[in-house]
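Colleague: Fold the following, please.
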Amino acid sequence: MKKPLPQNYPDFFQKYINQVKEENLKPAFKNQMPAAELFFKSISNEFSNRRYAEGKWTIKEVLQHIIDAERVFAYRALCIARKEPNVLPPFDENNYAINSNAESRNWQDLIDEFVIVRRSTEYLFDSLSDEALNSVGKVSNYTISVSSIGFVTVGHVNHHIRIIQERYFGV
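Modeller: Residues are numbered from 1 along each chain as shown. Next comes the predicted model:
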């Protein structure tokens, strides 16, 4: 499935879709994981508790956010692909972060969970027909296609890795 057209997703997701260099969804998923897993494994448990500024998320909270968002995105993709007629609810990432208990989690457990959740997401998207990938549904106050959600999922991880590199490591 090729990159979605802008009319298939709301403007605010453009920043994530722009983070995906691949033009096709399956290679985008496959190519991301080795480097993403290696990146997270390069961070020590001690450093994972770091904030780049007062009131900002720790790296653990960022990875927990990535995991939570991926689960929400996969659920939305599943619902839309299966022709769910109801409007899907919004996702308040700040509320999820406050209630995530990420700071008490073991860093390696978070990495392992991320890898497993991503594998599950890949299985979901691999199972979808072109018709399902082109399906459009309503989330909160916008419409989005299933394939757009896939590209947003990949781009969202790239976005947060870049944020960690820039703000936590100063790269």
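
Colleague: biggest helix in the chain, by residue count?
Modeller: helix 59-81 (DSSP state H).

Colleague: Which strands or helices does it pack on?
Modeller: Applying 3 or more C-beta pairs under 8 Å, 6 or more residues apart in numbering; DSSP states H and E, one finds that helix 59-81 makes contact with helix 93-98, helix 107-127, strand 136-139, strand 142-145, helix 146-163. Every residue, glycine included, has its C-beta placed from N, CA and C.

Colleague: please redo it, this time with the cut-off set to 10 Å
Modeller: When contacts are defined as 3 or more C-beta pairs under 10 Å, 6 or more residues apart in numbering; DSSP states H and E, helix 59-81 sits against helix 25-41, helix 93-98, helix 107-127, helix 130-133, strand 136-139, strand 142-145, helix 146-163.

Colleague: Can you tell me which helices and strands the third one packs against?
Modeller: Think helix 107-127. helix 25-41, helix 59-81, helix 146-163.

Colleague: 8 Å instead, please
Modeller: Counting by 3+ C-beta pairs under 8 Å, 6+ apart, helix 107-127 packs on helix 25-41, helix 59-81.

Colleague: Give the buried residues for the longest one.
Modeller: Of the residues in helix 59-81, 59-70, 72-81 count as buried by neighbour count, 16 or more other C-beta atoms under 10 Å.

Colleague: re the thing from before, what inclination does the longest helix of the chain have with respect to helix 107-127?
Modeller: 20 degrees (axes from the mean of the first three to the mean of the last three C-alpha atoms, to 10 degrees).

Colleague: Now do helix 59-81: distance to the chain's middle.
Modeller: 5 Å (C-alpha atoms, centre = their mean, to the nearest Å).

Colleague: How about stretch 113-125?
Modeller: That offset, for stretch 113-125, works out to 11 Å (C-alpha atoms, centre = their mean).
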